[in-house]
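**Q** give me a model of this one.
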Amino acid sequence: MRPLRLLPAFRRLGLSGLLKPKQASRDNEAARSKRHQRAPHTPSVDTLNETLEVRLKRRIERLEATIGELEDDKRRLRESEKLYRSLVEHSISDIVTVLEADGTVRAHESPAIESVLGRNPGERLGTSAFDWIDPDDVELALNVFAEILDKPGVHPPIEFRVPHADGSWRYLEHTVSNLLDDPDVRGIVIASRDITDRKALEDQLRHQAFHDSLTGLPNRALFMDRLEHALTRTSRHENAVAVLFLDLNNFKLINDSLGHEIGDRLLIEIGERLKACVRPEDTVARIGGDEFTILLEDVTDERDATQTAWRITEDLKAPFVLTGREVFITGSIGIALRTSRKDRPEDLLRYADMAMYQAKNEGQVYRLATDPSVGSRQALKRLELEADLRRAIEREEFRVHYQPMVRPEDGGIVGMEALVRWEHPERGLLLPSEFIPAAEETGLSEHIGQWVLETVCRQVRTWHERYPDDAPGMVWVNLSAREFEQPNLADGVAEVLQKTGLYPSRLGLEITESVAMKDGSSCAKTFQELAELGVRLAIDDFGTGYSSMSHLKSFPVGYVKIDRSFVQGLGKVTNDEIVVSGMISLVRALRMEEIAEGVETAEQAARLREIGCKVAQGYYFSEPLPPQAASALLSAQAR
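**A** The predicted structure follows:
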């Protein structure tokens, strides 16, 4: 066997003591042989050498593997450091900053600071990081920094405003890591990201959620929130809170006649005028459509609120100049003061809303809600009436009665006026005055008017077919203010005439004097369109409004109905007889025909005959009759 040459390796590894020279080995072996009998199976030297060689090879292999792993770790570390340095130096969005425990900027910051804040990487070196924060946020930043010093590791992001080199402010989101205990860092590492655009978008979305998109005023949600906070504050003080509820009058007419663009501009300017009428700490809101609310805080008593309402109504009197046109608008205001600590925000708004409707119904500019309990009962009654009206349309509970128009000299029937009634299932037969105002407020009057017009046209055609010589020459239908303001009124009438097959000249439409004179140019256009259809037109309640003769004579109107307030004084009040006589002369001078309303006594009928009135109507001649009774009357006249 070849001798094992391991001594140099053993010496390098400090294991040379494991081997002796050959001769010494032989001598020792001889000595042992003499003293002892050699045990069977004792390993030979060669066997021991082979075993030792194997062990040494394994140990060397393990050492070489360990050295290789260390080299790999060092290589990966160098690559990681290179990658980290590259990421920091080329980071576009994040600024990496290292701070001392006292907040001093310790090293150059990443180049991203140039694009984010317009500064050089070393510009803030050696300065306090708190000098580069919005002064309003410094105290909060110090508190957060103190918490970070107590807890190593990564902390939740925080947001502060930081000055840009151009003087503007940027919102940065900072992710902070406390690495003071890390021997390789020993500092506070901050990664800062610009979130200015995100904050601007959040502010925009927040503004849209709580502000009206058209006027920019607070919306209902923000108004109710501010009202709730105001009520909470006043609970600790003696001053009160007032809510004003403003609803514009006839705003739909603006939209229909001038267009929605003009209507939108009008709403914007109204919002500006309202803000000018209140204090900076008060709130003006648009809660929908043409409805505005005003929150007055620290109100001493109701006089403060009523004075504000008066200023608003006075300010609205001035014309709004829109695209070279003067537009006038009025409004009704309801006022509610907090009268009980139990009043909730929705209660106060509801009281003001109910007071506004009371002011509108009573023709007042503004009204104070003095008795919320009464207002609640009235509001409940109004809601019930609206629900009943909707059901009445579905169930066809409306009826048309006909009041004859006669010649005073002989009582011959020359026409009929159609008057709608509501056959309420519980309250019986209701007159128009009991439900038409509510129907107009809720927009249901258009549905009712359409049904009445179609029903009347069918009935008139039936009469003319049945009594060709004695049927009424015309049947008159009243148009409500809302109906007359419809831009497509003439088209609707034409559709009904075609549908029922009635000759247009047998249909008359009555418009009250006050409605006809609201907007001369608009009314003239509507009158002209109706006249072109061939229907007859009449001005109702003549003498009670503010007729302009220049307007009246320009309208294609053929009839004027003298109001009952003048007729009832005939035979008793000399002036009324003079007025009625003068009206008849005026009407005839304008080449129109008169119809006297409200004749209730024989004396009144006699005086009309003496004056020479051609057509009259009233309970003296006949009350309004259901269709069957009116048909029987025409049948009797035919016989």
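
**Q** which residues touch the residue nearest to Arg124 when sequence neighbours are not counted?
**A** Nearest residue to Arg124, sequence neighbours excluded (CB to CB, 6 or more residues apart in numbering): Val105, at 4.8 Å. All C-beta atoms are positioned from the backbone trio N, CA, C, and that covers glycine. For Val105, the contacting residues are Thr97, Val98, Leu99, Arg124, Leu125, Gly126, Thr127, Ser128, Ala129, by CB atoms under 8 Å, 6 or more residues apart in numbering.

**Q** buried subset of those residues, written for ChimeraX?
**A** Burial among the contacts of Val105 is assessed by 16 or more other CB atoms under 10 Å; the matching ChimeraX selection reads:
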select :97,98,99,124,129
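
**Q** adding secondary structure and pLDDT, write the contacts of Val105 out as TSV.
**A** Formatted as TSV, the contacts of Val105 follow (DSSP: H, G, I helix; E, B strand; the rest coil; pLDDT from 0 to 100):
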residue	secondary structure	pLDDT
Thr97	strand	86
Val98	strand	87
Leu99	strand	88
Arg124	coil	89
Leu125	coil	89
Gly126	coil	89
Thr127	coil	89
Ser128	strand	89
Ala129	helix	86
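
**Q** in TSV: the contacts of Val105, plus distance to Phe145.
**A** As requested, those are exported to TSV (distance: CB to CB, whole Å):
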residue	distance to Phe145
Thr97	13
Val98	14
Leu99	9
Arg124	16
Leu125	19
Gly126	18
Thr127	15
Ser128	11
Ala129	8
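
**Q** I'd say Leu214 and Ile268 touch.
**A** Yes. Using CB atoms under 8 Å, Leu214 is in contact with Ile268, at 6.6 Å.

**Q** point out where the protein drops to low pLDDT.
**A** Applying pLDDT under 70 to the chain flags residues 1-46, 49, 73-93, 235-238, 339-341, 370-383, 517-522, 543-552, 573-574, 638.

**Q** how about a cut-off of 50?
**A** Residue ranges of the chain with pLDDT under 50: 1-7, 9-22, 24, 36, 38-39, 80, 83-84, 86-87, 90, 374.

**Q** any idea what Trp507 is bridged to?
**A** In this structure residue 507 is Leu, not Trp. Legend: beta-bridge partners of Leu507 under DSSP bridges are Val475.

**Q** what sits against it?
**A** Going by CB under 8 Å, 6+ apart, Leu507 touches Val456, Cys457, Val460, Met474, Val475, Val477, Val493, Leu497, Val535, Arg536.

**Q** one more time with 7 Å
**A** Applying CB atoms under 7 Å, 6 or more residues apart in numbering to Leu507 gives the contacts Cys457, Met474, Val475, Leu497, Val535.

**Q** nearest to Gly443 among these?
**A** Cys457 (23.0 Å; CB to CB).

**Q** pretty sure that closest one belongs to a helix, no?
**A** Yes. Assignment of Cys457 by DSSP: H, G, I helix; E, B strand; the rest coil places it within a helix.

**Q** who touches it in this structure?
**A** Val496, Leu497, Thr500, Leu502, Leu507.

**Q** grab the nearest non-local neighbour of it.
**A** Closest to Cys457 by CB to CB, 6+ apart is Thr500, at 3.9 Å.

**Q** from what I can see that neighbour touches Arg461, true?
**A** Yes. Judged on CB atoms under 7 Å, Thr500 makes contact with Arg461 at a distance of 5.9 Å.

**Q** re earlier: just the buried residues of the contacts of Cys457.
**A** Val496, Leu497, Thr500, Leu502, Leu507.

**Q** could you break the protein into its assigned domains?
**A** 1-17+45-85, 91-201, 211-370, 386-638 (automatic domain parsing).

**Q** need the contact list for the residue nearest to Cys457.
**A** Glu454, Cys457, Arg458, Arg461.

**Q** and the first one, that one's in a helix?
**A** Yep, that's Glu454 we're talking about. Yes. The assignment for Glu454 is a helix, going by three-state DSSP.

**Q** how close does Thr283 sit to Glu50?
**A** From Thr283 over to Glu50 the distance is 100 Å, taken as CB to CB, to the nearest Å.

**Q** more neighbours: these two, which one.
**A** Shown here are Thr283 and Glu50; by other CB atoms under 10 Å, Thr283 has more neighbours (20 against 14).

**Q** please enumerate the strands of the stretch 51-200 of the chain.
**A** Listed in chain order, the strands of the stretch 51-200 of the chain (DSSP state E, counting those that start in this stretch) span 94-99, 153-154, 158-163, 169-179, 187-194.

**Q** buried residues, stretch 532-545. List them.
**A** For stretch 532-545, by 16+ other CB under 10 Å, it's Val535, Arg536, Leu537, Ala538, Ile539, Asp540, Asp541, Phe542, Gly543, Gly545.

**Q** and that stretch, how far from the chain's centre?
**A** Centre-to-centre, stretch 532-545 and its host chain are 41 Å apart (CA atoms, centre = their mean, to the nearest Å).

**Q** contacts for that stretch next, please.
**A** With contact meaning CB under 7 Å, 6+ apart, stretch 532-545 is reached by 474, 476, 478, 490, 493-494, 504-505, 507-514, 516-517, 527, 530-531, 556-563, 565-566, 583.

**Q** what's the answer for stretch 598-614, then?
**A** 407-409, 564, 567-568, 570-571, 577, 580-581, 584, 593-594, 596, 616-621.

**Q** and if we set it to 8 Å?
**A** With CB under 8 Å, 6+ apart as the test, stretch 598-614 has contacts from 407-409, 563-565, 567-568, 570-571, 577, 580-581, 584, 593-594, 596, 616-621.

**Q** for these, which PyMOL command selects only the ones that are buried?
**A** Buried subset of the contacts of stretch 598-614, written as a PyMOL selection, criterion 16+ other CB under 10 Å:
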select buried, resi 408+563+564+567+568+570+571+577+580+581+584+594+596+616+617+618+620+621
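
**Q** from the contacts of stretch 598-614, which land in strands?
**A** Among the contacts of stretch 598-614, the ones falling in strands (DSSP state E) are Glu593, Glu594, Ala596, Ala616.

**Q** quick one on the thing from earlier: now intersect the buried ones among the contacts of Cys457 with the helices, please.
**A** Cross-referencing these against helices under DSSP state H gives Val496, Leu497, Thr500.

**Q** may I see those residues arranged in JSON lines, with distance to Ser115 as well?
**A** Output for these, formatted as JSON lines (distance: CB to CB, whole Å):
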{"residue": "Val496", "distance to Ser115": "71"}
{"residue": "Leu497", "distance to Ser115": "74"}
{"residue": "Thr500", "distance to Ser115": "77"}
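
**Q** closest one of these to Ile158?
**A** Proximity of these to Ile158 was ranked by CB to CB; the top entry is Val496 with 70.6 Å.

**Q** the closest one and Thr455 touch, don't they?
**A** No. Using CB under 8 Å as the test, Val496 is too far from Thr455 to be in contact (9.8 Å).
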